[in-house]
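S.K.: Quick one: sequence and predicted model below, then my questions.
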Amino acid sequence: MMNLIFWIALLCILFALSAQWLIHRRKAPAQAGQLPAHILGIANEANWPLSTGSWSIDDVDFLATSDRIRAVVTLRVERDQRKHCADAMKQLARAIYAQTEVEAVLIEAYSGSLTPALYLFAADGRGWWGREIASTAYRPND
């Protein structure tokens with residue numbers, strides 16, 4: 001009888017864990033479809049540093065693990081807007097953080113060079129993996 005109770009309890013635990021994993025994993029793709037409409041709304045703000053038509057969001061990926069959801073955004077910026085790119089990356093990362101359930105946002109901004117400018121934003125101060133002590137980090141390109 002104890003053997004039967006053990007296997008039933010084990011199956012219940014495995015079922016609960018798989019349900020939790022599926023629910024957590026489905027959160028990120030649902031956000032991906034909603035994100036561009038919200039983010040493009042920031043371009044209408046008075047303090048948006050990039051001029052209309054000089055930038056685009058190429059890709060938005062959500063990476064979910066059991067303890068942390070992250071967003072990776074690929075931003076294309078024309079060369080003449082490079083000096084405003086850092087401010088735009090900061091605003092974009094904060095907008096994504098405010099409008100989704102992510103804990104960390106990484107913006108990759110390409111402006112004609114092979115190496116992108118990178119901006120990491122993690123409001124909780126735990127960095128990309130959740131173990132670092134970093135809330136923001138910026139690496140310009142070239």
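M.R.: The structure has been received and is ready for your questions.
S.K.: residues in contact with the residue most central in space within the chain?
M.R.: Residue closest to the average C-alpha location in the chain (C-alpha atoms, centre = their mean): residue 71, at 1.5 Å. Neighbouring residues of residue 71 by C-beta atoms under 8 Å, 6 or more residues apart in numbering: 35, 60, 61, 62, 63, 96, 100, 102, 104, 105, 106. For every residue, glycine as well, the C-beta is placed using N, CA and C.
S.K.: my guess is residue 137 contacts residue 120, does it?
M.R.: Yes. Contact status for residue 137 versus residue 120: in contact at 4.3 Å, counting by C-beta atoms under 8 Å.
S.K.: and the two? which has more neighbours close in?
M.R.: residue 120 (20 against 14; other C-beta atoms under 10 Å).
S.K.: any idea of the mean pLDDT for the host helix or strand of that one?
M.R.: Element membership of residue 120, judged by DSSP states H and E, is strand 117-121. Strand 117-121 shows a mean pLDDT of 93.
S.K.: Going by distance to residue 5, which of the contacts of residue 71 wins?
M.R.: The closest of these to residue 5 turns out to be residue 63 (C-beta to C-beta; 38.6 Å).
S.K.: pretty sure that closest one contacts residue 73?
M.R.: No. The pair residue 63 / residue 73 is not scored as a contact, 11.7 Å apart, by C-beta under 8 Å.
S.K.: contacting residues around residue 93?
M.R.: 73, 105, 107, 119, 120, 121.
S.K.: Out of the residues you listed, give me the one that has the most neighbours.
M.R.: Ranked by neighbour count (other C-beta under 10 Å), the contacts of residue 93 have residue 107 at the top, with 26 neighbours.
S.K.: just the angle between the one helix or strand that residue maps to and strand 117-121, please?
M.R.: Per DSSP H and E: residue 107 is located in strand 104-110. Using axes from the mean of the first three to the mean of the last three C-alpha atoms, to 10 degrees, the direction of strand 104-110 lies 170 degrees away from that of strand 117-121.
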